[in-house]
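S.K.: have a look at this fold, sequence not included:
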């Protein structure tokens, strides 16, 4: 019967690696034999195990090995990674290795190469002694794309022994938690990241403007706390509407009352910016003088407004082609260590798809379903907060120095 | 064909009375003829109409008259109210008049009597020149209970011409509204009510404690802002747990992390209070020294802890009989002009059932469905806020002087 | 003081036109005087009123007239519509008239022109004796665009006297309603529409596939019940995944259990279709042999797959440019009388933005918030159903003959 | 330093016992040393470990031992269980052992006694060679109540190696799963349970009646599929309203339309049953002739209608005292192997509090939050279904023979 041997070390019991491997083997109809097992005798010592895997078909065995690799196991007799040329632009070989967002290495024969720019649901292109993670829309015909599961090593982030704010809420998202301490700790993390030259991304939806939280986000951008801004046509349009008309979706932001014909304001604001030639032009012409988009333009932070099929207008800066929008977002995310996502499911999931598991992620929404959905998408360090976005941004702003 | 004539005056077009009456007549298969119609020529003048109603059966006509009465119409030729004796304790005559929570009068022949203590889904008992609203569980055999729809006049609260915070959100509950201004206005309303000797009730659920908002509620009670407190076993138990163990449902309130075996704390807290002989005894003995229940006990405000079938323990002060709990709640609500309901569906609906439509109601929950459900239950002056209860109570506390 | 006179006829009281006009006038700080009022004396007779409007500024008066027009009032002395040339491609004149989705006419001096292809948040271009509704991204520099509110007549759909399934749930979306009768009535409506040569559009999200309802939708398309299909990359990718691998998002559709490495299936399915050259090519090559996309391709119905920024791949048929996607959707909607939207917020709102108010709309989702959001967006004939999409499609399929 | 040694055997790695124990030790500030570790070499062999626990305080050590016991570890040198007399009726000793709902044993010196009627958040009374689980409201002064953690053995249910419908959805409740197969498997489980003489309980809310699913539930009761029925005043009142008036909450169940004055029907129905002397009397008198309560009465199944503070009336059979209601529910649950909970959060949680972990539980609700909340409450064998209750009961009824 086809057999292969893998080994695994680290905090393999309490980081759940081993239980998950046992689960996977049995789900796939295989069997295993523990050849060696040394348990760390205290909490600081790593454990080690060597496991012989068996399945009655080669394909089954390969699936088991692949599943064990996803949990961090490596084959005892390492084999080199295999590649095949991409058959055409935009198409992978049929048996391409589909990436996770965990740190990954490929065995180039003589040494292990780190896969650069790791992102989920992509392929790996190997060339010139480098391994790069590439989306299917970006691959070029003839590039060497990794196929099968040989010669691959995934290093899942281990659960931290010290419980931190990131991660602890993943499994139990709740609106019933004291959150001011969490926000204070988040502010400290932001200070640390900027202190070491890391970058912070912010992904936001239009409810930020509707709830009157635009002033807090503007202030964070003005004072340099945000390096990357991702949003859609709606956030920008309502932000600009609020500057031109004092309303958001036609609701007066001073008293929360609807204004007659106010629902037209957003399309009038969009038209006015189109007439000016765009947001940047409007800022330059002194027409747009405050707000989120004004501050982002003034400070020149990396901004991607990604379109969607429900947009009105849209504003000239909105990227209407989705493949191009993803390309710009990928480029902007280099060096980002923290990503704060507020009140947007579409843009948050889009960004989550592009993030490595090592990037800390904060997801804030008043709807627990959104927070759960994001927490489930594989970022290892997610902090979910079910709360009012206005309260969150106000408190965060209060915790951050100018 | 059976015919009856009703008349209607006031802002009958824009307060929706007339459209609703036309709807009801047609739904019930009747027809109408406008005999007179005088429209107020400007926005300050009331309008008047007299309408002849026809239906091909007496029962149908009675149903139409009843529906018109619910909207404020009165029969042109008033007839005296009819009563029948209650057949037994706890039972109304079969054709009893079922009340709404709107201001209601009955025609006692020589004059109109205001129905006292109006509350929805009850009957009206007439005796000694008074008309009282009585729940079915409270009626005594032989009491004169109003039957049919003759001699009844309902005076629905007219929609205010000046848009106020109460009412304006009823139809469009939203988490996407600026709420700080609304809270400031609510604080002003609280000051006015206390200024004129009115009372304020607070109905709360355990999420107040879980989110760390217990300190804000304690402070409101300590400073005299709350006159009546309704809650269940859970709010009291977790409040006391937080005083004895620093946790709520086993979650450490300082850092939001679960404490090993912390889930036992609430039942240990309950047992300790049972050992002391109750919350009041525990306060007296110096054991319970802070928190919501401590402040409510110290200040001696009217408090009803109503039990539920999912309670652990319960605490000795919890009223375990539901008919008795409703009786105590009814008594405590006399003179209440404002009722603030936070993070509890069960107790909020229970209280809503007992309130007259004229009582202003604020409903705060992070779940829009709860807010909608309450706003739909017939209180004419409801303010719905979809937000975090901790943020709400903190901001409200900041707006209210000591 | 600036004054204007408008008149209004029809079921102006019970269709809420008049109450809404009074509201609007007062919200905008104006005043009114009823010059004439003839109320329909029975339910079949229309009413008529003539109202003099006053405001202390010209701009205020114009806003009031505009608001009255939105409710169907017309100026007593009609004036011709005014236009200005669009300053550039993609830009309206600043004071352009922003459309609603209600039937609208413009006064071309000698006669009233119906505005063709009415859609909300657009402008009106007048040329060659025709008036057309045009999106801001479609307008060409120099075209005559309607400005201001003169010479415009909106004819809001009156509420039907006979309560039908369409409309009756708008205000009270609920999961607690008997729905089998509603579905049966919907099936009858579908038969009637096809009987008179009308078209039916279907807008769907990927939960249709995840819940195993793909077979029901496939069957509806195969038997000719659907003329237009709008969806995104996800529905198509998971439909094809289910044909190639028997899974949807990696969940085995036979037993609901996750398959090891199954989460890769959707990206493998996308890659395989990219390799074949697209969905149509895959069908032609005999590779894709069943399912929603197969049936839509075989029958050649109008299909638009609109991309989004969170897409993987995407599939070659997905339109990645959002302005182009809207253009194709607009074209496909000609002649559509019924639009069924299932389990998708993004595509449902996108489609709702393009629909005239006269198109009947059914919105099905297990999340009441989605149904409410759609019902609120101005379609006059919306049926909201909070239910499981699999149950809905199965029952609908059972009610429709082959 | 205080030290204790525990041992653990079984599928301790993949059933998560060991990872949870390591977590607990570190959370509590203790340390451990693995003294022996024998891993099962294949999937069928159990593993064994012996662990020395250390903490710098006796109290800390006791907490660690207690936490390990909750996961199934036992002290290597067993000590007898300790008891103290209850200080008064309704009060436990302060350091009482608070139960989980997992199978539990106490060491009576010479042998291990199974704790009877295990239920969460209770105490254990030892007398006459028996150990019984007792609620705090039921304990009598002087009874010997277990204190501390010595001499206690918890045997958590191990995760089944064969994935079954029960359990597999616990962590990933979803509305996006194919559910017809799940319902078919549930029907088979019901047949098996009745085949071996087990009992089935049903807990339901009023949405069953509102959605028109009352006929399906009636049919299940009539054909003997339900042995125990728990509900509140609302389900019974609306069931009876639907029999007397054809409505539920005033909505006509034939067409889903509101009936004028229909909202009074429920209070009229309640009054009529009160007049008859109760539900059973009404059935006997031939007044109530169909529906859920009729069938339950006719068949004489164990029924508890537990009151709540929001009840109107209530119906005479409703138990208004909550301590008494829990007592009756506990008694009715003896021998129940499966509990189906539909569309009720209050009664489902109340029942969940009383159930042993070994009882299979199905929770059906259209709101995912309810399903999650129940799945989180500690039943080891929970099946969560997010779906329409009408669809669920109709499909379940179709799968079960008469």
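M.R.: Thanks, I have the structure now. Only a predicted model underlies this, so the values are computations on that prediction, with no experimental measurement involved.

S.K.: tell me the SS of the most centrally placed residue in chain A?
M.R.: Central residue of chain A (CA atoms, centre = their mean): residue A:352, 2.7 Å from the mean position. Per DSSP: H, G, I helix; E, B strand; the rest coil, the secondary structure class of residue A:352 is helix.

S.K.: look up how far residue C:398 lies from it.
M.R.: Using CB to CB, to the nearest Å, residue A:352 is found at 39 Å from residue C:398. Quick note: C-beta positions are derived from backbone N, CA and C, even for glycine.

S.K.: again, but for residue A:62
M.R.: Taken as CB to CB, the span from residue A:62 to residue C:398 is 44 Å.

S.K.: more neighbours: which of those two?
M.R.: Shown here are residue A:62 and residue C:398; by other CB atoms under 10 Å in any protein chain shown, residue A:62 has more neighbours (17 against 12).

S.K.: that one is in contact with residue A:148, isn't it?
M.R.: Yes. At 6.9 Å, residue A:62 and residue A:148 qualify as touching, with contact defined as CB atoms under 8 Å.

S.K.: now residue A:340. Its backbone dihedrals?
M.R.: For residue A:340, the backbone dihedrals are phi -100, psi 120 (criterion: degrees, to the nearest 10).

S.K.: and it, how many neighbours does it have?
M.R.: Each residue near residue A:340 was counted by other CB under 10 Å, and the total is 25.

S.K.: now do the same contact list for it.
M.R.: Shown in contact with residue A:340 (CB atoms under 8 Å, 6 or more residues apart in numbering or on different chains): A:200, A:201, A:202, A:203, A:362, A:364.

S.K.: out of those, which are inside strands?
M.R.: A:200, A:201, A:202, A:203, A:362, A:364 (DSSP state E).

S.K.: buried sites along the top helix by length along chain A?
M.R.: In chain A, assigned by DSSP state H, the helix with the most residues is helix A:180-195. Neighbour counts over helix A:180-195 (16 or more other CB atoms under 10 Å in any protein chain shown) mark A:180, A:182, A:183, A:185, A:186, A:187, A:189, A:190, A:193, A:194 as buried.

S.K.: how far does that helix sit from its chain's centre?
M.R.: Put simply, helix A:180-195 sits 19 Å off its chain's centre (CA atoms, centre = their mean, to the nearest Å).

S.K.: tell me which residues touch residue A:318, please.
M.R.: Per CB under 8 Å, 6+ apart, neighbours of residue A:318: A:232, A:233, A:236, A:305, A:306, A:307, A:311.

S.K.: that should have said residue A:390, apologies.
M.R.: Neighbouring residues of residue A:390 by CB under 8 Å, 6+ apart: A:208, A:211, A:212, A:213, A:216, B:178, B:179, B:180.

S.K.: which residues touch stretch A:239-246?
M.R.: A:209, A:214, A:247-249, A:252-254, A:262, A:265-266, A:268-270, A:272-273, A:279, A:282, A:288-294, A:315.

S.K.: let's see it at 7 Å
M.R.: By CB atoms under 7 Å, 6 or more residues apart in numbering or on different chains, the residues outside stretch A:239-246 that reach it are A:209, A:214, A:247-248, A:252-254, A:265-266, A:269, A:272-273, A:288, A:290-293.

S.K.: could you check how far the nearest residue to residue A:302 once chain neighbours are set aside is from residue C:52?
M.R.: What sits nearest to residue A:302 in space, not counting adjacent residues and going by CB to CB, 6 or more residues apart in numbering or on different chains, is residue A:332, at 4.1 Å. Separation of residue A:332 from residue C:52 (CB to CB): 58 Å.
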